[in-house]
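Asker: Sequence below, structure please.
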Amino acid sequence: MAEKTKVYALAVGITDYPSSPLSGCVDDADRMIRLLKNDPALDVAELTLFNDQATKTALVGAFRNHLGRAQAGEAAFFYFSGHGAREKASTAAWKDETDETLECLACHGAGGPPSLLADKELRYILHEVAFGAPGKAKAAPPHILAVFDCCHSGDNTRAIAFEEKEPRIKQKRFTGVFPQRSWKDFIFSDKWEEADFAGQPIAALLPEGPHVQLAACLASEPALEVNDEGLFTKNLLKVLEDTNGNLSYASLHNIVSNYIRHQFKQNPQLYVQGGDPGLTYSGFLCKPPETAGLAQGRAQYSQSDGWLLNLGAMHGISEKSEMDILLDGGATVSPTVEKLTINTTFLDLDRDSRALLDKKKIYPCRVAAFSSYPISVLIKGEKEGGELLRNLKTALAAHQSRIHLTEQEADAGYLLHVRPDQLAITPPFEPDCPLVHPTKVTGDGAPAIKTVVEQLAHIAKWEYVKELHNENVRLFRGRPPLRVDVQYKIQDGWKPYPYAEKGTVIDGLEWVEARKTYRSYIKVVLTNESDRDLYYSFFYLTINFESSGAMMEKQVELIRAGETVTIFSHKGGELRFYLEPQALHYNLPESRAWFKVFISTREDINTSLLTLKALPPPVAAERARSFNLEALDDTLDYAHDWTTMLVPLRFKNPEYNRDKEEPIQ
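Answerer: Model prediction:
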């Protein structure tokens, strides 16, 4: 029997707000705890705070004394159901809050107005849960999951008098803005003064603890109670029960979102804060995630819109995509695309197919997602391959929509070398310059084949992210709505980088002895040159086939018409790029990186499925990441549209020797 994961769970439910009571929050929190305790894979130590138990003091104490007990290899789970609120922010301390408010959890006020736990305070105590309190440092952080069923939860942290869509609908937020508090009321006021935050990025004083966050809605939306149940919690529990919790956070978020957003104006959010963006694909509370959910979609039934696929145009689905819904016992039904949106596909099924499907179930759906820009691969060393080669080609055939085998090296984007002792992926005409750490062949070669096929599929998806664009763009034809300005640091200041000009490189990289490589500083500024407010998500891509939105504090940000914003401003705005070890080891003339900007007229940009961890670099190194992300001390009326921009970066290798002729082994 597999060892259970120890989970320290804290569930908070508050219905008893004197001025605006709610109905289902305590029941929602209780159901969440019962689901965890009934899971045979989890060993749950629970603590609940309901109504008048859930004061701010009690909540902070529960974080420190209960969730803080979780160690590496264990999990800490926090659930909050109640009102969200906003309070006026100090413009001196919190200058990045463009709306001049802080998002808060409304704790019980013990007979008075609610006591507010601001998002900055939550950030502070989550860091303690991750790394330990001062003097009690942890060797490594536990797995942390925070779930918020309240309004303003999209900015981390339920409100009333709402136009009813069906009986008993309430919003879980206070509609006004609470006054600015005294600085001494912040839980970290004994450590920092207000002036300390005025001259530094927030991450320098309040670094984030690595955690996954599931939020009921976007910051601008209400989180709803429908018939005395939290809409988000109800659907979250349903998906976890239907799947036994064996799915990734990315899949969980997409499925829950599809149940909600086509009936109500509420878009659940998924964030990975302060840690590896690859946590997006980790399993719920350390459970093993499904493997099919990453390569396949999920089909589910919506009462308002029928059968839906949790993938859309951004994920490579087109109106001509072929797909099969997988039924129990191995049978399939084959829907067609009725309508396509950026994140969701509406499915068309004939009557016989619909009769085979249970509307209460979620089905795997086999579809060639992320295959709009397949890679071409030439296999080299066929004479030495034999049975290994035959098995390799059979395995690659399962990915033929993403990986095309070619016969000519000039037509290939990648070479796969089949050698007696290893499989290696290289660029064309560069057999001695692997792109990924070569895979050792042992036994019948099956483990090596599995690894290298997974690597090629990963590379194909990375190429998809890099090349992704909207072929049916309408509003943004001609000129992109955002201008992207890149600068790099030189001795005398900052120099513009004209990335659109052919042949330009970023030079003058400085040697960093501690890292045994070279470094450059980058600034990226976005300007909205359109006449409308837009939403954007910002990704970086590296030569180690990493794709990540970790430079942003939130997955999606608003940029108003005419506004200028600096990427990474929450950590000082200066990006540090380190030359990868392979550039020095293989005497490469340059290294490369890319920025990808996703732009939309709507806030519901879902890039969670486009996140990719870096592959093992060809040269062993303690640090494989190119960018250091630590702080320095759907209609035809053109009302909605989306597009992308790709910004290429080239970094000159200061040690490149054009005349070096020594062969590389």
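Asker: Residue 562 - how many residues pack around it?
Answerer: Other residues near residue 562 number 11, with proximity taken as other Cβ atoms under 10 Å. Backbone N, C-alpha and C define where each C-beta goes, glycine included.
Asker: Repeat that for residue 386.
Answerer: 12.
Asker: for it, what are its contacts?
Answerer: Residue 386 is in contact with no residue at all, counting by Cβ atoms under 8 Å, 6 or more residues apart in numbering.
Asker: Reduced to three states, what does the residue nearest to residue 334 when sequence neighbours are not counted come out as?
Answerer: Nearest residue to residue 334, sequence neighbours excluded (Cβ to Cβ, 6 or more residues apart in numbering): residue 324, at 5.4 Å. The assignment at residue 324 comes out as strand when based on DSSP: H, G, I helix; E, B strand; the rest coil.
Asker: per-residue confidence at residue 324?
Answerer: Note for residue 324: predicted pLDDT of 93.
Asker: and what of residue 631?
Answerer: For residue 631, the predicted pLDDT is 60.
Asker: What of the one 10 residues further on?
Answerer: Listed pLDDT for residue 641 reads 81.
Asker: which ones are touching it?
Answerer: 470, 473-476, 600-601.
Asker: How about it, nearest residue that isn't a chain neighbour?
Answerer: Using Cβ to Cβ, 6+ apart and skipping the chain neighbours, the partner closest in space to residue 641 is residue 475 (3.9 Å).
Asker: and the gap between residue 569 and residue 554?
Answerer: Taking Cβ to Cβ, to the nearest Å as the measure, residue 569 falls 12 Å from residue 554.
Asker: for residue 387, that is, sorry about that
Answerer: Using Cβ to Cβ, residue 387 is found at 51 Å from residue 554.
Asker: do the same with residue 496
Answerer: Between residue 496 and residue 554 the distance, using Cβ to Cβ, works out to 27 Å.
Asker: now residue 444
Answerer: Residue 444 sits 47 Å away from residue 554 when distances are taken as Cβ to Cβ.
Asker: what ranges do the helices span in the stretch 1-150 of the chain?
Answerer: 25-37, 56-65, 119-131 (DSSP state H, counting those that start in this stretch).
Asker: Repeat that for the stretch 151-300 of the chain.
Answerer: Remark: helices of the stretch 151-300 of the chain, listed N- to C-terminal, are 202-205, 231-243, 249-260, 292-295; assignment by DSSP H, counting those that start in this stretch.
Asker: Could I get the contacting residues of residue 63?
Answerer: In this structure, residue 63 makes contact with 10, 78, 125-126, 128-129, judged by Cβ under 8 Å, 6+ apart.
Asker: Taking those together, which two end up most distant?
Answerer: Checked with Cβ to Cβ, the contacts of residue 63 reach their widest spread between 10 and 128, with 13.5 Å between them.
Asker: So if I had to pick from the two, which one is more boxed in?
Answerer: residue 10 (23 against 18).
Asker: Buried residues of the longest helix along the chain, list them for me.
Answerer: Ranked by residue count, the top helix of the chain under DSSP state H comes out as helix 446-467. By 16 or more other Cβ atoms under 10 Å, the buried positions in helix 446-467 come out as 448-449, 451-453, 455-466.
Asker: distance of residue 140 from residue 74?
Answerer: For residue 140 relative to residue 74 (Cβ to Cβ), the value is 11 Å.
Asker: and what of residue 565?
Answerer: For residue 565, the distance to residue 74 equals 38 Å [Cβ to Cβ].
Asker: More neighbours: which of those two?
Answerer: More neighbours surround residue 565 than the other of residue 565 and residue 74, with 20 against 17 (other Cβ under 10 Å).
Asker: Give the helix, strand or coil label for that one.
Answerer: In three-state terms, and counting by three-state DSSP, residue 565 is strand.
Asker: contacting residues for it?
Answerer: With contacts taken as Cβ under 8 Å, 6+ apart, residue 565 has the following neighbours: 525-526, 557, 559.
Asker: Point out where this structure drops to low pLDDT.
Answerer: Filtered on pLDDT under 70, the chain yields the residue ranges 1-2, 152-175, 262, 275, 290-296, 382-385, 621-625, 629-639, 658-665.
Asker: Contact partners for residue 55?
Answerer: Shown here is residue 55, whose contacts under the criterion Cβ under 8 Å, 6+ apart are 107-110, 115.
Asker: are any of the residues you listed buried, and which?
Answerer: When burial is judged by neighbour count using 16+ other Cβ under 10 Å, the buried members of these are 107-109, 115.
Asker: check contacts around residue 230.
Answerer: Neighbouring residues of residue 230 by Cβ under 8 Å, 6+ apart: 24-25, 28, 81, 149, 158, 172, 216, 223-224.
Asker: Run through the bridge partners of it.
Answerer: Applying DSSP bridges to residue 230 gives these bridge partners: residue 225.
Asker: residues contacting the nearest residue to residue 105 once chain neighbours are set aside?
Answerer: The shortest distance from residue 105 to any residue other than its chain neighbours is 4.5 Å, reached at residue 117 (Cβ to Cβ, 6+ apart). Under the criterion of Cβ under 8 Å, 6+ apart, the contact list for residue 117 reads 56, 59-60, 104-105, 107, 157.
Asker: how many neighbours does residue 113 have?
Answerer: Residue crowding around residue 113 was assessed by other Cβ under 10 Å; the count is 14.
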